[in-house]
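# Prediction below, plus the sequence it came from.
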Amino acid sequence: MQRVSKETVSLTLYRRIFTISSSKLRALQLQQPEPTQIKQVHAHLILQGLDQCCYVVTKLIRMLTKLEAPMEPYSLLVFKQVKYPNPFLWTALIRGYAVQGPFFESVRLYNCMRREGIHPVSFTFSAMFKACGVVLDVILGRQVHAQTILMGGFASDLFVGNTMINMYIKCGFLDSARQVFDEMSHRDVVSWTELIVAYSKDGKMESAQDLFDEMPVKDMVVWTAIVTGYAQNASPREAIEFFEKMQAAGINTDEVTLVGVISACAQLGASKYANWIRDIAEKSGFGPEENVVVGSAFVDMYSKCGNAEEAYKVFEGMKERNVFSYSSMIVGFAMHGQARAAIELFYEMLKTDIKPNRVTFVGVLTACSHAGMVEQGQQIFATMEKCYSVAPTSDHYVCMADLLGRAGQLEEALELVKTMPMDPTGGVWGALLGASHIHGNPDIAEIAANHLFELEPNSIGNYILLSNIYASAGRWDDVSRVRKLMRKKKLKKNPGCSWVEGKKGVTHEFFAGDMTHPKSSEIRQALQDLIDRLKADGYQPKLSCVPYNVSDEEKKHVLMTHSEKLALAYGFLSTDADSTIKIMKNLRICEDCHVVMCGASKIMGRKIVVRDNTRFHHFLNGECSCGNFW
DNA sequence: CTAGGGTTAG
């Protein structure tokens, strides 16, 4: 009779046992194996005399680790019963603790192993680097690094090198990671990609780009990394440029690549790009229905491109939704002034088993704030930690200061800021300053602004806002004091700029007082005609929107040259009579322009959508979705 | 064993 080696038998057996047990797990829809099942498997091993076989026990421990079963008691138990564990078995246990914790057990076991004179394998070092990366212990990481060199040869092992790079990156030591990379005798795409991603996450796109250019062979993953890197670093045009290069190079794209590009399109906020990438996604079989991440990215993109209906359509059509999908949709509703829809969706979400997170609450609270729903917002804020164990961060205090302040409860807002449990951030004081602007309260504005000048000394917007608040109150001495401060700091005003989507997605850009457009005189005329019709309907220019101490005539003239008005007039001239006019502005839309937009939507019978620096205004029939509350 | 993914406020 032919003798079968023990390892071969055990491999077959291992397959049989584990196929059975994993199909059982699937049938029971369990995430983790039940203790009884583990016991059964172990009893089986003992019965077969395989509980001493390192190979089988190693496999068992690896499987348990993968299934996220706790290391104790079973993994540790089966390990302890093996009389002569080999380095692979030790390593499986060390890795298990590295992945699931407690981390110090990995270290203790590693030391035990060394004391017993067991020689580590390369895999052991990888496991240790993993552990160091998890707890960000770079000191231990460096010690293990030194040992890989002492042990001879391991430091130049490709896998050990890659895990070492990974550990240094996780700990934030990019230079050390780069040094390992530079000293490695063999590198693969993984080594390159790890570093490229690390550089781009650190905002160093030039370094990432340099490495990318040097790479001998580029695969889909690294192309995706560079596209996504640009998208994440607020360079959507570059992201799209590289995506197109990637396609031209004949590289496949998958849903991960698409997500990066979708995010870039969201940042551009133009329908043209939205339609373009949607088309590509559908054609390559990665529509928003199938994949949660793609779907959520599309929801966000459509919201940011001003297409709230399509965002919701995508959301509704998604087969699976998670906290990102809901949060994006809630934030989207809030952005478009649909506070009720946002809050309803939030409550709908609570009925599912998806748990809201910090971002979800930021979304709901801003929705409340934009709709002036103070009590509802306060109630949600009060329950977020108690009921959903999401501790409020300063972001949430920004929302609350905004909620109270916008609603005119400036004193309460100030009190909240003074008593909040962490140091108030620029955002919190900024919300208060903004509210003081809306409600014309120079005293509270002063308090907020003084904190802001400390926290954000170079942020021009704060100086302008304070100066405008003084101007509205007629305190011209204070105005010139702030102006002087700005001059001293050499801060330059960020010019107001608007652009409008014309036919075929072509956009036109206008600055305040802009006369450079070839059709300038026509635009002026169209705007004048519109204003005349509005005046006949009772419109009065809001002179208080001009923060200069000049004559009323001059103020009227300044108002007429605001970039969003020029964009509006051009929109009328250059788009079909039944289409929506889409305008974007880099700064907050001014009150006078807001009134004009309302009136224009009624008189001209057109839908107008304006995106200013934070949100969308939908004008229809003389009304705005923000309810004149923004 | 190691590399690429989406949501945040003034």
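Good, I have the coordinates.
# domains of chain A?
Annotated domains of chain A cover A:321-380, A:410-488, A:498-624 [automatic domain parsing].
# roughly how far is the second one from the heart of the chain?
In other words, domain A:410-488. 28 Å (Cα atoms, centre = their mean, to the nearest Å).
# and if you look at the first one?
The chain centre lies 17 Å from the centre of domain A:321-380; the measure is Cα atoms, centre = their mean.
# Can you see whether that domain contacts DNA strand B, counting any residue in it?
Yes. Applying Cβ under 7 Å from any atom of the strand, one finds domain A:321-380 touching DNA strand B at A:322-325, A:327-328, A:331, A:335, A:357-360, A:362-363, A:366. Yep, even glycine has a C-beta here, placed from its N, CA and C like the rest.
# List just the nearest of these to residue A:241.
Minimum separation from residue A:241 among the residues of domain A:321-380 next to DNA strand B (Cβ to Cβ) is found for residue A:328, which lies at 25.4 Å.
# Could you count how many residues lie near residue A:46?
12 (other Cβ atoms under 10 Å).
# in the strand or helix carrying it, what counts as buried?
For residue A:46, the host element (DSSP states H and E) is helix A:35-47. Residues of helix A:35-47 classed as buried: A:37-38, A:40-42, A:44-45 (neighbour count, 16 or more other Cβ atoms under 10 Å).
# Make a markdown table from those and add pLDDT and distance to DNA strand B to it.
Formatted as a markdown table, the buried residues of helix A:35-47 follow (pLDDT from 0 to 100; distance: Cβ to the nearest atom of the strand, whole Å):
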| residue | pLDDT | distance to DNA strand B |
| --- | --- | --- |
| A:37 | 69 | 21 |
| A:38 | 72 | 19 |
| A:40 | 74 | 23 |
| A:41 | 74 | 18 |
| A:42 | 77 | 21 |
| A:44 | 75 | 22 |
| A:45 | 75 | 20 |
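# quick check, nearest of those to residue A:98?
For those, the nearest to residue A:98 is residue A:38 (20.3 Å; Cβ to Cβ).
# residue contacts, that closest one?
Residue A:38 is in contact with A:64, A:69, A:74, counting by Cβ atoms under 8 Å, 6 or more residues apart in numbering.
# how about 7 Å then?
Applying Cβ atoms under 7 Å, 6 or more residues apart in numbering to residue A:38 gives the contacts A:69, A:74.
# Report the central residue of chain A.
residue A:232 (8.3 Å; Cα atoms, centre = their mean).
# how close does it sit to DNA strand B?
Remark: distance between residue A:232 and DNA strand B (Cβ to the nearest atom of the strand, to the nearest Å) = 5 Å.
# Check the gap between that residue and residue A:285 for me.
Computed with Cβ to Cβ, to the nearest Å, the distance linking residue A:232 and residue A:285 is 25 Å.
# Quickly find the element holding residue A:203.
In the assignment (DSSP H and E), residue A:203 maps to no helix and no strand.
# what's around it, how many residues?
Residue A:203 has 13 nearby residues by other Cβ under 10 Å.
# What of residue A:495?
Neighbours around residue A:495, by other Cβ under 10 Å: 12.
# Would you mind giving the secondary structure of it?
Here residue A:495 is recorded as coil under DSSP: H, G, I helix; E, B strand; the rest coil.
# Residue in chain A with the shortest distance to DNA strand B?
Nearest residue of chain A to DNA strand B (Cβ to the nearest atom of the strand) works out as residue A:430 at 1.5 Å.
# which other residues reach the helix or strand hosting that residue?
Take DSSP H and E as the rule and residue A:430 turns out to sit in helix A:426-439. For helix A:426-439, contacts defined as Cβ under 7 Å, 6+ apart pick out A:394, A:397-398, A:401-402, A:405-406, A:408, A:410, A:413-414, A:417, A:444-445, A:448-449, A:451-452, A:455-456, A:462, A:465, A:468-469.
# per-residue confidence for the residue of chain A closest to DNA strand B?
If you check residue A:430, the pLDDT there is 96.
# Quick check: residue A:449 touching residue A:462?
Yes. Counting by Cβ atoms under 7 Å, residue A:449 touches residue A:462, with 6.0 Å between them.
# Torsion angles phi and psi at the spatially closest residue to the residue nearest to the centre of chain A that is not a sequence neighbour?
With Cβ to Cβ, 6 or more residues apart in numbering as the criterion, residue A:232 has its nearest non-adjacent residue at 6.6 Å, and that residue is residue A:200. As for residue A:200, its main-chain torsions (degrees, to the nearest 10) stand at phi -70, psi -30.
# What is the neighbour count of residue A:200?
Neighbour count for residue A:200, taken as other Cβ under 10 Å: 22.
# same deal with residue A:174?
Counted with other Cβ under 10 Å, residue A:174 comes out at 18.
# returning to what we had before: go through the domains of chain A and find the least confident stretch.
For the domains of chain A, the weakest mean pLDDT is recorded on domain A:498-624, namely a mean of 89.
# That domain and DNA strand B, any residue contact?
Yes. Domain A:498-624 is in contact with DNA strand B by Cβ under 7 Å from any atom of the strand, via A:614-615.
# First-to-last residue distance for that domain?
This stretch, domain A:498-624, spans 19 Å end to end (Cα to Cα, to the nearest Å).
# ok, the helix or strand hosting residue A:610: who's next to it in the sheet?
Residue A:610 is part of strand A:608-611, with elements assigned from DSSP H and E. Strand A:608-611 pairs in its sheet with strand A:581-585 (parallel), strand A:616-620 (antiparallel), by DSSP bridges.
# Any buried residues in the last one, and which?
Translated: strand A:616-620. With burial defined by 16+ other Cβ under 10 Å, the residues of strand A:616-620 counted as buried are A:616-620.
# cool, stretch A:116-128 as well?
For stretch A:116-128, by 16+ other Cβ under 10 Å, it's A:118, A:120-128.
# Any chance of TSV for these, columns secondary structure, pLDDT and distance to DNA strand B?
Formatted as TSV, the buried residues of stretch A:116-128 follow (DSSP: H, G, I helix; E, B strand; the rest coil; pLDDT from 0 to 100; distance: Cβ to the nearest atom of the strand, whole Å):
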residue	secondary structure	pLDDT	distance to DNA strand B
A:118	coil	90	18
A:120	coil	91	12
A:121	coil	91	10
A:122	helix	90	7
A:123	helix	91	5
A:124	helix	93	9
A:125	helix	93	8
A:126	helix	94	3
A:127	helix	94	7
A:128	helix	95	11
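# just the helices in the stretch 151-300 of chain A please.
Along the stretch 151-300 of chain A, the segments classed as helices by DSSP state H, counting those that start in this stretch run A:158-170, A:174-183, A:189-201, A:205-214, A:220-232, A:236-248, A:255-268, A:271-283, A:292-304.
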